[in-house]
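Visitor: have a look at this prediction, sequence included:
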Amino acid sequence: LNPAQHDQTLFEERHLRYISPLGKGNFGSVELCRYDPLGDNTGELVAVKKLQPNKQSTLEDFQKEVNTLSVLHCDYIVKYRGVCYSMGRLSMSLVMEYLPHGSLIGYLENNRHNVNTRRMLLFASQICKGMEYLQTLRYIHRDLAARNILVASESLVKIADFGLTKIIPFDKEYYRVTQPGESPIFWYAPESINDSKFSHKSDVWSFGIVLHELFSYCDMVSNPKRLYMQELGHNVQGPSISMHLANILKNNWRLPSPPHCPSKVYNLMKQCWAYDFDERPCFSSLGNQIETIMQEERENPKG
Ligand SMILES: CCCn1cc(-c2nc(Nc3ccc(C(=O)NC)cc3)nc3[nH]ccc23)cn1
């Protein structure tokens, strides 16, 4: 047999059966497929991210996303399975493990009543560990948000969508982006808004926003964009939004504590939202603080 037939990471398009749409990521949409080489529906379900057609730059970016995911091996990061070339290698798709419970946002909306504080803290500590692992490889995610967290089981979440992930150069502690596309500015640290500077500490800021989303049960009413826009006043439009956002952050306004959120958890968020990135905790410190709060929750459960 030729090597390709032994290469488990090469998926032949003719055996990849489309089932349904799963969601939208950076640079493309994700679909549920069954890889069924025997043609008897015994093949396994996979999540396939198809590159958005045309726009040459995204093919290059997409290849980088594929390369990034292919080297990540962590329980708290969605698993790479391989690639599927089509149109004679002119297009490609990223094949990943299928996570049955979908995005954290939908999960929390549908399971609000049986996700207590302890489970939220478990999810937060898993995301923290995934980010700690990324940092050991000098990767910055740059798009850490609840929409990019997937639920593998009722006790396991994973970080997904590495479309904006960058490697920090060996001689610097931050990455400066040239062309910020449609940026998720409400998840951005001040230095990212003002100077397009990204670092592990800007990922920590975004982690604080994810904590807020988690403890708000990803409720639409209190999502970060809506809360910030309320503070900015809806008359602020278009490009000046980021300037106004940077302003209120400079004046030390922060998202309010989610309803019934334990004060120790809100305190963690505030640490992540220190204006000066040097004052923000690192992911390992955050992980330890979360474990401590989890231990206290176990001793005298409130949630
Ligand atoms: C992160 C942004 C891009 N994105 C990735 C995925 C994705 N989804 C799923 N499973 C999934 C999704 C949705 C639902 C659902 O019931 N929806 C109403 C059920 C299961 N497994 C995945 N493995 C790798 C990526 C990925 C979806 N969007």
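Guide: Okay, I see it.
Visitor: now for the strand or helix carrying residue 47, which elements pack on it?
Guide: The secondary structure element spanning residue 47 is strand 44-51 (assigned by DSSP states H and E). Contact here means 3 or more CB pairs under 8 Å, 6 or more residues apart in numbering; DSSP states H and E; on that basis strand 44-51 packs against strand 16-25, strand 28-35, helix 56-70, strand 91-97. In short, each C-beta sits where N, CA and C put it, glycine included.
Visitor: just the buried residues of the first one, please?
Guide: Buried residues in strand 16-25, counting neighbours by 16 or more other CB atoms under 10 Å, are found at 16, 22-23, 25.
Visitor: circling back to that earlier point, same question for the strand holding residue 47, mean pLDDT?
Guide: Confidence over strand 44-51, taken as the mean pLDDT, stands at 94.
Visitor: what does it contact?
Guide: Strand 44-51 is contacted by residues 11, 16, 19, 22, 25, 27-35, 58-59, 62, 78, 81, 84, 91-99 when judged by CB atoms under 8 Å, 6 or more residues apart in numbering.
Visitor: make it 7 Å
Guide: Residues from elsewhere that reach strand 44-51, judged by CB atoms under 7 Å, 6 or more residues apart in numbering: 16, 22, 25, 27-35, 58-59, 62, 81, 84, 91-98.
Visitor: just the buried ones from those residues?
Guide: For the contacts of strand 44-51, a neighbour count by 16+ other CB under 10 Å gives the buried set as 16, 22, 25, 27-28, 30-35, 58-59, 62, 81, 84, 92-96, 98.
Visitor: considering only those residues, which also neighbour the ligand?
Guide: Among the buried ones among the contacts of strand 44-51, proximity to the ligand is found for 22, 25, 30, 96, 98 (CB under 6 Å from any ligand atom).
Visitor: need these in CSV (columns: distance to residue 241 and pLDDT).
Guide: Written out in CSV, the entries for these read as follows (distance: CB to CB, whole Å; pLDDT from 0 to 100):
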residue, distance to residue 241, pLDDT
22, 30, 97
25, 23, 83
30, 28, 96
96, 33, 98
98, 36, 98
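Visitor: if we can go back for a sec, between the buried residues of strand 16-25, which is nearest the ligand?
Guide: residue 23 (2.4 Å; CB to the nearest ligand atom).
Visitor: list the contacts for the closest one?
Guide: Contact criterion CB under 7 Å, 6+ apart gives 30, 103 as the residues in contact with residue 23.
Visitor: again, only this time at 10 Å
Guide: 29-32, 47, 49, 102-103, 105-106, 147-148, 150, 160-161 (CB atoms under 10 Å, 6 or more residues apart in numbering).
Visitor: show me what it is bridged to.
Guide: Taking DSSP bridges, one finds residue 30 as the beta-bridge partners of residue 23.
Visitor: just the buried members of the contacts of residue 23?
Guide: Buried members of these, scored by 16+ other CB under 10 Å, are 30-32, 47, 49, 103, 105-106, 147-148, 150, 160-161.
Visitor: where does the stretch 51-200 of the chain dip in pLDDT?
Guide: Low-confidence segments of the stretch 51-200 of the chain, defined by pLDDT under 70, are located at 52-57, 179-182.
Visitor: helices of the stretch 101-250 of the chain, start to end?
Guide: In chain order, the stretch 101-250 of the chain shows helices spanning 104-110, 117-136, 190-195, 200-215, 224-232, 240-250, with DSSP state H, counting those that start in this stretch as the criterion.
Visitor: OK, contacts around the nearest residue to residue 222 once chain neighbours are set aside?
Guide: Counting by CB to CB, 6 or more residues apart in numbering, the nearest residue to residue 222 once its immediate chain neighbours are dropped is residue 216, at 4.4 Å. Residues counted as contacts of residue 216 (CB under 10 Å, 6+ apart) are 108, 146, 222-224, 227, 255, 257-261.
Visitor: nearest to the ligand among these?
Guide: The ligand has its nearest neighbour among those in residue 146, at 9.9 Å by CB to the nearest ligand atom.
Visitor: what's the burial count for the residue lying closest to that closest one once chain neighbours are set aside?
Guide: Leaving out its chain neighbours, the residue that sits closest to residue 146 by CB to CB, 6+ apart is residue 213, at 4.0 Å. Around residue 213 sit 24 other residues, with neighbours defined as other CB atoms under 10 Å.
Visitor: which residues touch residue 213?
Guide: 104-105, 108, 145-147, 149, 187, 219, 222-224, 255, 258.
Visitor: who in the stretch 151-300 of the chain is up against the ligand?
Guide: In this structure, the stretch 151-300 of the chain approaches the ligand at residues 160-161, judged by CB under 6 Å from any ligand atom.
Visitor: tell me the secondary structure at residue 72.
Guide: coil (DSSP: H, G, I helix; E, B strand; the rest coil).
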